[in-house]
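# What follows is a predicted structure for the sequence shown.
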Amino acid sequence: MANSTNTNESYNFKVVLLGEGCVGKTSLVIRYIEDKFNPKHISTIQASFLTKKINLDGSRINLSIWDTAGQEKFHALGPIYYRSSNGAVLVYDITDEDSFQKVKCWVKELRKMLGTDISLVIVGNKSDLEKDRHVDLDLAKTYAEKVKAMHFQTSAKLNEGVEEMFLALAQKMLEEAKLKAAHEISLTRRNSQRVVQVVDDENVPNTNKSCCSNS
Amino acid sequence: MWSHQYDENLSANPFFKEINENHSDIIEESAIQNWVICVPRIGTVEPEEISSEVILDHILVCPKELGEYPFFTLTKKRICVENKQIITNSDNSKAITDILFEETFYYNKSSKFIVWCIDRPLFFKHKFCDSHSSKNLIILHDCIDFLWCESLSHNILDSIKNVVSTFKTNYQLEIENLQTQKEIIGCLFSQCLQICFKNDVLKEKCRLNEPFMENLKVAVETYMQYCLGKRLMFSINTISHHKDGHLNKIIRNSSHVQYKHLGIDSDFADVISSAKNELKQINTYWTILDKVECLKKTLKCILESGNVVKNCITSDNVLQILAFLILKLNVNNWYANLTYIKEFKLSTENSDRIEYCIASFEAAVEFVSSSEFWSIKTNTHEEVIDFLEKKIESGEAKTLSVEKQSLKNLCHPLCSCSNCRSISKCEIWSDCFGDLNECFLICAANAGKCDVVEYLLNRGVNVDYSDCSGKTALHYAASKGLQNVVLLLVNKNCNVNQLDNEKNTPLHLASLNGHENCIKALIYSSPEVDINATNSFGDSPLILATRWGYLDLVKILLENGASVSIKNKRNQTVFDVSPNFYITRTCEKYSARQLKKIDRTTESDSTYPTNAVAHLKDGCNSHGVRPKTTEEFKKIDLLLKSIENNDLPLTCFYLGYTNTATVERGKCHPLCLCDQCMIADRPDADRIANQSINVNMCDASGRTALHVAAEFGRTDILRLLLDNGALPNAKTFRTLRTPLHVACMEGRIRTVRELLKCGDCAVDEQDADGNTALSYACEKGDAKIAEVLLCNGADCNRKNLAGKSALSLSEESMQYGIYRLLKNNVQNMMERNVRVSSAEDDFF
């Protein structure tokens, strides 16, 4: 039985997918969103923006997954996509050393622009091609640890590790969000939002005064 | 999936609660067996209807093998799932139920089950009429309906309209910066909301229902934006005019970009045309809601094209297609539109979906204006040019007609070596154009190859040859911004006002594409350019430059006499097409000047006064000669400066009164860059001497050389000017002052004497305020000048616009010496030839 289903917390998380052109970002996200036991009932015809609702022990999480353009000529447009995102999935191809270097660039850029507000997960995709591996697993793991990111190995083709990866990321983002909320409450600081104040103009009661009552 | 998304908290759903609390075995089993639990949305099932049977009807089992009906319920009923819909087939009646959303529940670390929230319960007999979609405000029309229906009167709409129209007359929004504009609009918004809260019906509904309140805000905001209409967009255009102008130049100069340059698959052709149809309407909407809806529809077109192209659409595809659309649509204010959508949303937060949509467009716009885009190589004529250049270099092309023969000389009919490829390309070209040499010329002009163009022209190729679209080489060079080619062609006496099939002159095309350099080249190097030519749409170059927001071009065109009053075939003037405040203001400035000048221009344009003496007959009412080109503007400024500095030799030089023989020497060729030719090109060298300035040329405010000489008391120069035919009574434009006025104001007695000596000087000329030279002398209290003026017959009774004569002015300013002098003068009116020196003895 699912416990604590009574809590009502609801979160919207924005997750951005980053990585070089052919590392398999698209297939990764499609694999996650698509119903795995019947590919027929959802026809995923695009992978640029997808949403997924999950419920983690009573906390409702709405994941918006933003794919980014992988071609090098679009690199400079990154900030438009990743600004104000809660999490980033940095994908490299384990058979392609360059794609891992690219991930390192992204990590640097994200940390510089967004600081520690963003939860990172580094993903070595195409683990089914173990024999062609060019990126050392331990090296990648140590690097991930160094930059305070999680590391996962996935195979979108065989559907290995994909769901686990997104789940772990969601959990991480949830923790961050809860920490942040607690912090904010302790500071009793509220985000200043545009509040429209409703001023209740008091209706002056219309008393019927007659000036010449004793005519 | 791009429509509004239904959402509810399932843990509050009674159906799900029931399963959770009383049938936890089902949940545990679902997690193990991968069953799907369907939960009808809240409110569709009454609590008493929920039985075990009903619950089992809503648990779906997926069998191992996939068939036509892959799902069974736990009650063994078959169902089919397709396109996010559940199709049930009970009692021979087909029922379709929407799956609203899927939620995956994770619990106890490793277990999970899936829940589908569905639009209504499965296998229920009774009908469900109410749709889940609560009232959504999608477009302006919904908002107006909402305000109208909910308040049950027209008052709210009218009052908002009134508030906005008062606002429009009271505020000058366009001169403010972004932050201030946002604040002002925010204030207006709360003002409009207040109106709604004064309505008791609405107030009550807001109190009871929070979503209603949100809807009300959206509706009010949208209606307010609609009432503001063009005005708000105009103000935002003004903020982003610089960025938009830059982007527009890129857009206008990328007309040749094709799918392949951006890496778009040709399968997308249909998708692109339908997306284009959506997106082109963006500027017909005034509200954020409608604009966002337009962007959403466009993106939807693209994202749903996965079916057509049999491939998953990625962000790369989206960006490429959006970039292509931006290039091909005639939208001139992308940055302003995005600023509006992003910054001026006041009521509710955008959903992630909309954010993604906006971000995609933002990224595409950013990409188009980035250097990455510029580096895409799109030159299509390169091979032909290479071929030609090679020929010319090797001296093979002595007689071009031979080349026609050489085209047959392929290695073999299907050879694709670089030489043969270019030969066959040339052949294709010649087929299109008929005449090979002319097609080469156009090709070379298009590619900006000056040397090739010159080579061809020197061999007698027709410079005014026009291709099938009616464009000449000059058209192509002007539209591409190739200044060198334009200069070369103009130098070779091509027709600068040649019309293409749409009646565009080269100047039109240069204005359309924002090529400042070409416009200057055309205007300055060729006096017969028709600056007010209209194309088949009735647009003048000024209107085109205005439409695309090229402020710098607008200024140049106006300076060179472009008319602001031309109307195109849609009956629009520049003021109607002007996208921002800066351009409107610039045009207004020139429009005022043009109105004032109308008399003068008709006078002086017909007889371009090369000889100043001809102008003397015009009498006292004439102004100086206005410079026609910026070159002349520069020159007149230099001349006036030299007079100010009392530099007589330099003044003579500028005016061309020199004896230094100017060596008439041609350049090696028109674009030669050798040292000697460069010297010949220097503006301060003999060119100025060759084309000396008209002595009556004036600057922007109408001051001629004579005015300046009078102002600073440069008597020698003044005499020189007068001797060379300077108009002694030239007037400035606005103040209408003659040199005599200026001299009197500055108290230059020698100058005054000199001016009066010349004989033509009108001593009683009145300026814009009605003052005569004598009035100024009196005001200043300069008795000597007054005396000289009186000696020359100045009338001391002439009244200015304030009704004061020189006499009363001197009395007022307590210049009694002058007053008496004047008084005396009046008394001696009858005997005018009285000796002034005796009068002088009396007073001093």
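Perfect, thanks for sending it.

# Okay, and the beta partners of A:I61?
For A:I61, the beta-bridge partners under DSSP bridges are A:Y11, A:I54.

# Might you report the residue contacts of it?
Applying C-beta atoms under 8 Å, 6 or more residues apart in numbering or on different chains, we find A:I61 in contact with A:10-11, A:13, A:53-55, A:170, A:173-174. C-beta here means a position set from N, CA and C on the backbone, and glycine is covered the same way.

# Contacts only, for the residue in chain B that chain A sits nearest to.
Chain B approaches chain A most closely through B:G306 (2.8 Å), counting by C-beta to the nearest C-beta. Contact analysis of B:G306 by C-beta under 8 Å, 6+ apart lists A:44-46, B:312-313.

# element containing B:Y226?
Counting by DSSP states H and E, the element that carries B:Y226 is helix B:210-228.

# Is that helix positioned near chain A?
Yes - counting by C-beta under 8 Å from any C-beta of the partner chain, contacts between helix B:210-228 and chain A involve B:K217.

# Tell me how far the residue of chain B closest to chain A lies from B:D7.
Note on B:G306: its distance to B:D7, by C-beta to C-beta, to the nearest Å, is 25 Å.

# got it, and B:N311?
B:N311 is 30 Å from B:D7, where distance means C-beta to C-beta.

# swap in A:Y32?
Relative to B:D7, and taking C-beta to C-beta, A:Y32 is found at 20 Å.

# again, but for B:I251
Distance, B:I251 to B:D7, using C-beta to C-beta: 39 Å.

# Those two: which is more packed in?
Legend: neighbour count by other C-beta atoms under 10 Å in any protein chain shown for B:I251 and B:D7, higher for B:I251 (25 against 15).

# May I have the host helix or strand of the more buried one exported as CSV, CA atoms only?
Assigned by DSSP H and E, B:I251 belongs to helix B:241-252. Taking Å, rounded to 0.1, in the frame of the first residue of the first chain, the C-alpha atoms of helix B:241-252 are listed here in CSV:
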residue,chain,number,x,y,z
HIS,B,241,14.3,49.3,-32.7
HIS,B,242,18.0,48.8,-32.8
LYS,B,243,18.0,45.0,-32.5
ASP,B,244,15.1,44.7,-34.9
GLY,B,245,16.7,46.9,-37.5
HIS,B,246,19.8,44.7,-37.3
LEU,B,247,17.8,41.5,-37.6
ASN,B,248,15.7,42.9,-40.5
LYS,B,249,18.8,43.6,-42.5
ILE,B,250,19.9,40.0,-42.0
ILE,B,251,16.4,38.7,-42.9
ARG,B,252,16.2,40.9,-46.0
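
# C-terminal to that helix, what's the next element?
Helix B:241-252 is succeeded, C-terminally, by helix B:259-262 (DSSP H and E).

# ok, is that next one in contact with chain A or not?
No - remark: helix B:259-262 sits outside contact range of chain A, by C-beta under 8 Å from any C-beta, the gap being at least 9.6 Å.

# Quick one: mean pLDDT for that helix?
When pLDDT is averaged along helix B:259-262, the result is 84.

# Please identify the buried residues of that helix?
Residues of helix B:259-262 classed as buried: B:259, B:261-262 (neighbour count, 16 or more other C-beta atoms under 10 Å in any protein chain shown).

# what do you get for stretch B:812-832?
Neighbour counts using 16+ other C-beta under 10 Å place B:815, B:818-819, B:821-822, B:825 of stretch B:812-832 among the buried residues.

# avg pLDDT for the one helix or strand B:K17 maps to?
Secondary structure assignment for B:K17, by DSSP H and E: helix B:14-22. The pLDDT scores in helix B:14-22 average 86.

# what's that helix packed up against?
helix B:24-33, strand B:36-40, helix B:52-57 (3 or more C-beta pairs under 8 Å, 6 or more residues apart in numbering or on different chains; DSSP states H and E).

# all strands for chain A, in order.
In chain A, the strands defined using DSSP state E lie at A:10-19, A:49-56, A:59-67, A:87-93, A:119-125, A:150-153.

# Is it possible to get TSV of the ones you listed that adds mean pLDDT and distance to B:L232?
Formatted as TSV, the strands of chain A follow (pLDDT from 0 to 100; distance: least, C-beta to C-beta, whole Å):
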stretch	mean pLDDT	distance to B:L232
strand A:10-19	91	30
strand A:49-56	89	29
strand A:59-67	91	30
strand A:87-93	93	36
strand A:119-125	93	39
strand A:150-153	93	46
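
# The ones you listed into a markdown table, with extra columns for distance to B:I583?
Below are these laid out as a markdown table (distance: least, C-beta to C-beta, whole Å):
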| stretch | distance to B:I583 |
| --- | --- |
| strand A:10-19 | 39 |
| strand A:49-56 | 38 |
| strand A:59-67 | 38 |
| strand A:87-93 | 43 |
| strand A:119-125 | 47 |
| strand A:150-153 | 54 |
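
# what comes up buried for the host helix or strand of B:D145?
Under the criterion of DSSP H and E, B:D145 resides in helix B:140-151. Neighbour-count burial for helix B:140-151 flags B:140, B:142-144, B:146-147, B:150-151 (criterion: 16+ other C-beta under 10 Å).

# Stretch B:444-455 too?
B:444-450, B:452-455.

# Among those, which ones are in helices?
Here DSSP state H is the test, and the buried residues of stretch B:444-455 give B:444-447, B:450, B:452-455 as lying in helices.

# Quickly check: stretch B:147-167 near chain A or not.
No - using C-beta under 8 Å from any C-beta, stretch B:147-167 stays clear of chain A, with a minimum separation of 14.1 Å.

# so how far is that stretch off the chain centroid?
34 Å (C-alpha atoms, centre = their mean, to the nearest Å).
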